[in-house]
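J.: return a 3D structure for these sequence lines:
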Amino acid sequence: MPENTPTDPTGEETSNEPAPGNSRWPRPTFETLVWRGLRLRCPRCGQGKLFCGIIKMNGACPHCHFKFERPPGFYLGSTYINYGLTAWITTAAFMIGRFRFNIPGSTLVWPLAAFCLIFPTLFFRHARSLWLVLDCQFDSSVLNEDPERQEMQD
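T.: Okay, the predicted model is just below:
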């Protein structure tokens, strides 16, 4: 491995450029995509930031020009990730608090209700990022989109 080549926790080298003689970027493993999603980085190169503010997403990766913009309603799916994780954590916390520590249900309701309001707000960016990761994983053509070719077609 070259001295200055960055790696991610899965041990895979992160590529700064497409493979020589190939206009397509190397396909990252699912673990690499998830790691990039959790770090709020571009799923293709792992370098560019997905967000330019607290809520505002960049239109494209500043490094590899991968388009983050999707058709209206695309990121609606991220609410499933956000809601699912919130429901799972809330249910697990209630069960553990109620049955392991014998805390009355009426005592658990208010802290868990507050959690249900705060957590989805804080997890919003990660849910969107993970939804984009899932799109990249299950639609193999997404990571190979060439922004220059798309601009010519538009």
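J.: in three-state terms, label Ser140 for me.
T.: coil (DSSP: H, G, I helix; E, B strand; the rest coil).
J.: isn't it right up against Leu33?
T.: No. With contact defined as Cβ atoms under 8 Å, Ser140 and Leu33 do not form a contacting pair (12.0 Å). (Glycine included, C-beta is placed from N, CA and C.)
J.: those two: who's more crowded?
T.: Leu33 (23 against 9; other Cβ atoms under 10 Å).
J.: look up the closest residue to that one, ignoring the ones flanking it.
T.: Val133 (4.6 Å; Cβ to Cβ, 6 or more residues apart in numbering).
J.: surely the one you found is in a strand?
T.: No. Assignment of Val133 by three-state DSSP gives helix, placing it outside any strand.
J.: what's near enough to touch it?
T.: Going by Cβ atoms under 8 Å, 6 or more residues apart in numbering, Val133 touches Leu33, Val34, Arg36, Gly37, Pro43.
J.: was I right about the second one contacting Leu132?
T.: Right, the one you point to is Val34. No. The pair Val34 / Leu132 is not scored as a contact, 11.2 Å apart, by Cβ under 8 Å.
J.: would you map the helices across the chain?
T.: 30-38, 78-95, 105-138, 147-153 (DSSP state H).
J.: rounded mean pLDDT for the shortest one, please.
T.: Read that as helix 147-153. The average pLDDT within helix 147-153 is 48.
J.: dump the helices of the chain into JSON lines; add distance to Phe51 as well.
T.: Below are the helices of the chain laid out as JSON lines (distance: least, Cβ to Cβ, whole Å):
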{"stretch": "helix 30-38", "distance to Phe51": "12"}
{"stretch": "helix 78-95", "distance to Phe51": "13"}
{"stretch": "helix 105-138", "distance to Phe51": "6"}
{"stretch": "helix 147-153", "distance to Phe51": "19"}
